[in-house]
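1. coordinates only, no sequence provided:
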């Protein structure tokens, strides 16, 4: 019996479906540790993403949001669970088949300074996926497509002969987006794509991502820690805590009527750019004992901090339960 | 907010960096002052000069940079010139303390927390090792670190990011400073930890009567904590006002743009307003107002540098357009085209 977790578009087949995904990182291979020790980065992750939809993944450092993106792109192996892309199970794909699937899902990274090779021209950077996947035979053939891509992301036509250092942070992020778009992917995993950018430039890149989504029907897995940006860009939002999804719902539901105690605390901590509102707010504070993910606590991973924790929470992990239509919460107590 | 005795006054400060590509005008005529118990927020994007401002106050502007104009005074005495520099050394770290952005890199990974904390009080207050340890324990308790005695023997890597920032704050307040400069103190931290650190700063300020300069790119952080806010752009303060006034009636088009392009938690708009273009190069700034190339309301007058002038109650801005709107009878200052 498999639970579905809804998408913004009912009735259509989702582009991505993740079922009960778990990822574990081994801790040290040498003689210092017993080889069996692992870090449980993700546990029991399930969600769906519709075509043309944006799902925001929000969590603090160590919550596993980046690992979800990497697992979906098959860059880390799943310890358990399935990843289904466009109806095909890709969890165990390898070799040429995996390569072909990878062309249809691309990654946009956080740091536009570190993610572009400073010794390559923009042309080389954007053409590289085309060459690797054999779409074009040489750089000359790639040139018109690169020009087209640069125009799409709003870079000047002469950009392709220059090196990354000649561009500002926002422009570099546009180069990264152009590279991600080169193979006409259907899914883009955007890992903190605007976190390193200044406020005024951030808005430009967010708008660009939204325009491209409209134009090409792209699906985004939008990973971020900034709740305001996520609210702006996502149709649905998943809140992560210590490697588990604790709440998953339409963005309005998450932001206006959060149900999980952790989501409430997280939202109450976001500063608002309005002094009188900010002063009037009351922050919800819980004990700050972050669970040890090497020996994750039994039961709900939030129980060490949760004032409502009962014996059941300490022994039995709550699954995502539909507490309201399309509003999933992993909590035994909240309705 | 006018107070009789300002602690720090910065007047027409200019800082330049000599680079191979030419002279970078990092700070241009920056003026502000801060009094006891006051919190001043300095907001700006990368390259706006907010960190250089802090570095200048802390005497950390080093070659190829130099202070090439203006004045800084601590309790009325200049910090520039030979005499001023000596005076500066005697107050920095003691009366004026600083907290940096990245608690990972600003602590020495090889020394214990205790050693690093004791160093401050031994040097500035002349305490003995035993006294300093006692003081260090008090300080850790004051910044909300549990089991302080045990923490003193730990190394930075054993603490979380939020804990490290608390240690940095403990070091900064070790000598009971009058002014605390915090340069992006919460940028590297998660939101819930950020909220804790901001609350700690507010609490210490109340308890110790500290003046605080909070440097950040995040308007939300400023909104909760600051009495006054200065907005920087391209090495200049372009608007400075009481926090409430600034957020409700921003006068400068840049401030307005910044506030509009900050996505909000409570209102969802279809599309974010963005400020087109990018900040100007400080190597070769455009003539007149530095925001003119990106400004939606720029007119011919903007080719001339606007001075800071009062435009709203409790605030001033460097903008011809704002000036005209604020004082309609002054319309002769320029004619819109």
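-> Arrived safely. These figures come from a predicted structure and were not determined experimentally. Numbering: from 1, shown residues only, chains lettered A, B, ... in the order given.
2. what's the helix or strand for the spatially closest residue to residue A:271 that is not a sequence neighbour?
-> Of all residues not flanking residue A:271 in the chain, residue B:220 sits nearest, at 3.2 Å (Cβ to Cβ, 6 or more residues apart in numbering or on different chains). (Each C-beta comes from the backbone N, C-alpha and C, glycine too.) Using DSSP states H and E, residue B:220 falls within helix B:219-225.
3. that helix: how far from the chain's middle?
-> Its chain's average C-alpha position is 12 Å from that of helix B:219-225, according to Cα atoms, centre = their mean, to the nearest Å.
4. same thing with stretch A:138-156?
-> With Cα atoms, centre = their mean, you get 27 Å for stretch A:138-156.
5. what's in contact with that stretch?
-> A:122-124, A:126-127, A:130-131, A:135-136, A:157, A:159-160, A:171, A:174-175, A:177-178, A:181-182, A:208, A:212 (Cβ atoms under 8 Å, 6 or more residues apart in numbering or on different chains).
6. just stretch B:257-264 next, same as before
-> Taking Cβ under 8 Å, 6+ apart as the rule, stretch B:257-264 contacts A:199-200, A:202-203, A:206, A:228-229, A:231-232, A:272-273, B:43, B:219-220, B:231, B:247, B:250, B:269, B:272-275, B:294, B:296.
7. first to last residue in stretch B:168-179, what's the distance?
-> 15 Å (Cα to Cα, to the nearest Å).
8. ok, and what's touching the helix holding residue B:220?
-> Contacts for helix B:219-225 (Cβ under 8 Å, 6+ apart): A:199, A:270-275, A:277-279, B:39, B:41, B:43, B:186, B:194, B:198, B:201-202, B:212, B:214, B:216, B:229, B:243, B:247, B:258-259, B:262.
9. in strands only, show me the residues you listed.
-> Under the assignment DSSP state E, those contribute B:39, B:41, B:43, B:212, B:214, B:216, B:229 to strands.
10. which ones are touching the nearest residue to the fourth one once chain neighbours are set aside?
-> For residue B:212, the nearest residue in space outside its immediate sequence neighbours is residue B:39; the separation is 4.5 Å by Cβ to Cβ, 6+ apart. Under the criterion of Cβ under 8 Å, 6+ apart, the contact list for residue B:39 reads B:205, B:211-214, B:225-228.
11. next, the residue nearest the centre of chain A: phi, psi?
-> The centroid of chain A falls nearest to residue A:223 when counting by Cα atoms, centre = their mean (3.1 Å). Backbone geometry at residue A:223, expressed as degrees, to the nearest 10, gives phi -100, psi 130.
12. which pLDDT does the model give it?
-> As predicted, residue A:223 sits at a pLDDT of 95.
13. again, but for residue B:332
-> For residue B:332, pLDDT reads 45.
14. check the offset of stretch B:69-81 from the chain's centre.
-> 18 Å.
15. how about stretch B:47-59?
-> For stretch B:47-59 - counting by Cα atoms, centre = their mean - the centre lies 8 Å from the chain centre.
16. does chain A sit close to it?
-> No - using Cβ under 8 Å from any Cβ of the partner chain, stretch B:47-59 stays clear of chain A, coming no nearer than 8.6 Å.
17. so where's the chain uncertain?
-> No chain in the question, so chain A it is. A:1-4, A:6-11, A:28-36, A:288-290 (pLDDT under 70).
18. chain B, not that one
-> B:1-4, B:327-337.
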